[in-house]
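Peer 1: my questions concern the predicted model and sequence given below.
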Amino acid sequence: MRTDGDSWDINTSVGSTALFVAAARTLGGRAPGAPAQDPFAEIFVRAAGPEWVDLLEGRAPEHPLATPEFGAQFQQHQIGRTRYFDDFMAAAAQAGIRQVVILAAGLDSRAYRLPWPDGTAVYELDRPQVLEFKRETLAAAGHKPVAERHEVAVDLREDWPKALRDSGFDADAPTAWLVEGLLIYLTPAAQEQLFDAIDTLSAPGSRVAIEQMDPLPAEAVAAMSQGDDSGSGWVRMIYNDPRTDATVWFGDRGWTGERVYLPDYLSELGQIPAEGVQQQSLINLVTVIRP
Ligand SMILES: C[S@@+](CC[C@H](N)C(=O)[O-])C[C@H]1O[C@@H](n2cnc3c(N)ncnc32)[C@H](O)[C@@H]1O
């Protein structure tokens, strides 16, 4: 069960979800015709311990990411969203944006991986131990960021805008914001605060990319809560409450936007949405732009 001021590192609670999605990106990137690749994800997962190495090498068939019911669709979900947000960053760079903020960056490797124009600053916000694991793991493997990377070690339920500004963020410059794999770990009130802060800090021309999930049906939550597997652990970490749709929230404040459900997006990419637990149908990907 979550509490208001709870904390974690890369192996515990919400921190471990960053590792879980990095493993899913690695496995999802191996599928024939995968729409994206994140080679850095594998470096993190291998560094996390032998049980993760077993998963990557096919020696853990019982791991949830290896199962046909959950694993296949979750791998596809992760690699699909990677493509969506990679394309978002390319479009933002093309539009002249040189300031990027990745909220709950986790093991996002974009500051090391994408072809940023010279002078692009990437601010990564997450808990200190998560950012430290990322920095140390990639440095040990000999990798350097290819943008000006700024770590902002914060709790996103607290006054992160001050920490961001103190790190050099310029609220007068247009910004590309990324909110990937975060909102379900925040209460609706904390989401509201987060959106308020983005809105306040965004100069004209800014854009935001968001992954959001419609609430899970109550019976699915009840069924998942019964078990003692990773599904029940996950369901205890999330806030499954109804919340304002991001396109509506930003639309009410003058931003223009679009939203696509993940299965439709995968179809646009020529991918056949995987069978199994249909969490995919609740996921939607949003881009909003401030004129
Ligand atoms: C599922 S991971 C997603 C990471 C990354 N965005 C990605 O998609 O690979 C969730 C991340 O949210 C971070 N997170 C969740 N709540 C947070 C909070 N209140 N403050 C800082 N980070 C938070 C966790 O530490 C974790 O790295």
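Peer 2: On my side now, so go ahead. This structure is a prediction, so every number in the text was calculated from the model and none was measured. Numbers count the residues shown, from 1 in each chain.
Peer 1: before we move on, what SS does the residue nearest to V179 when sequence neighbours are not counted have?
Peer 2: Nearest residue to V179 in three dimensions, chain neighbours excluded: I210, at 4.4 Å (CB to CB, 6 or more residues apart in numbering). In short, each C-beta sits where N, CA and C put it, glycine included. The local conformation at I210, judged by DSSP: H, G, I helix; E, B strand; the rest coil, is strand.
Peer 1: was I right about I210 contacting V286?
Peer 2: Yes. Using CB atoms under 8 Å, I210 makes contact with V286 at a distance of 4.3 Å.
Peer 1: okay, and the common contacts of these two?
Peer 2: In terms of CB atoms under 8 Å, 6 or more residues apart in numbering, I210 and V286 are both contacted by the residues A246.
Peer 1: ok, those two, which is more surrounded?
Peer 2: Neighbours were counted for I210 and for V286 using other CB atoms under 10 Å; I210 has more, 28 against 21.
Peer 1: for the ligand, what are the nearby residues on the stretch 1-150 of the chain?
Peer 2: Residues of the stretch 1-150 of the chain lying close to the ligand (CB under 6 Å from any ligand atom) are 14-15, 17-18, 21, 104-108, 126-127, 130.
Peer 1: in helices only, show me those residues.
Peer 2: 14-15, 17-18, 21, 130 (DSSP state H).
Peer 1: lowest average confidence, helix or strand, in this protein?
Peer 2: Within the chain, no helix or strand scores below helix 230-237, which has a mean of 74 by mean pLDDT, DSSP states H and E.
Peer 1: quick check: closest non-adjacent residue to R149.
Peer 2: Nearest residue to R149, sequence neighbours excluded (CB to CB, 6+ apart): A111, at 4.3 Å.
Peer 1: against G5, how distant is that neighbour?
Peer 2: According to CB to CB, to the nearest Å, A111 stands 28 Å off from G5.
Peer 1: between these two, who's got more neighbours?
Peer 2: Looking at A111 and G5 with other CB under 10 Å, you find the greater number of neighbours at A111, namely 26 against 7.
Peer 1: how about the more buried one, secondary structure?
Peer 2: Applying three-state DSSP: A111 is helix.
Peer 1: quick one: contacts for it?
Peer 2: Contacts of A111 (CB under 8 Å, 6+ apart): 102, 122, 124, 145-147, 149.
Peer 1: what pLDDT is listed against it?
Peer 2: pLDDT for A111: 98.
Peer 1: roughly how far does it sit from P145?
Peer 2: A111 is 5 Å from P145, by CB to CB.
Peer 1: anything in contact with each of those two?
Peer 2: V122.
Peer 1: wait, which of the contacts of A111 is closest to the ligand?
Peer 2: The ligand lies nearest to I102 out of the contacts of A111, by CB to the nearest ligand atom, at 6.8 Å.
Peer 1: tell me which element the closest one falls in.
Peer 2: strand 99-103 (DSSP states H and E).
Peer 1: parallel or antiparallel, list what pairs with that strand.
Peer 2: Sheet pairing for strand 99-103, assigned by DSSP bridges, gives strand 121-126 (parallel), strand 176-179 (parallel).
Peer 1: for the residue nearest the centre of the chain, give its distance to the ligand.
Peer 2: By CA atoms, centre = their mean, the chain has its centre lying nearest to E180, at 2.8 Å. Distance, E180 to the ligand, by CB to the nearest ligand atom, to the nearest Å: 4 Å.
Peer 1: surely that residue meets G80?
Peer 2: No. With contact defined as CB under 8 Å, E180 does not count as touching G80 (11.6 Å).
Peer 1: how about low-confidence regions in the stretch 101-250 of the chain?
Peer 2: 227-231 (pLDDT under 70).
Peer 1: how about the helices in it?
Peer 2: Ranges of helices in the stretch 101-250 of the chain, per DSSP state H, counting those that start in this stretch, are 110-113, 128-140, 160-166, 188-201, 218-226, 230-237, 246-251.
Peer 1: residues making contact with the fourth one?
Peer 2: In this case it means helix 188-201. Helix 188-201 has contacts (CB under 8 Å, 6+ apart) with 103, 156-157, 160-161, 164, 169, 171, 175, 177, 179, 183, 186, 208, 239, 241-244, 246, 249-250, 253.
Peer 1: from the residues you listed, list the buried ones, please.
Peer 2: Buried by 16 or more other CB atoms under 10 Å: 103, 156-157, 160-161, 164, 169, 175, 177, 179, 183, 186, 208, 239, 243, 246, 249-250, out of the contacts of helix 188-201.
Peer 1: how many other residues sit next to Q212?
Peer 2: By other CB under 10 Å, neighbour count at Q212 equals 20.
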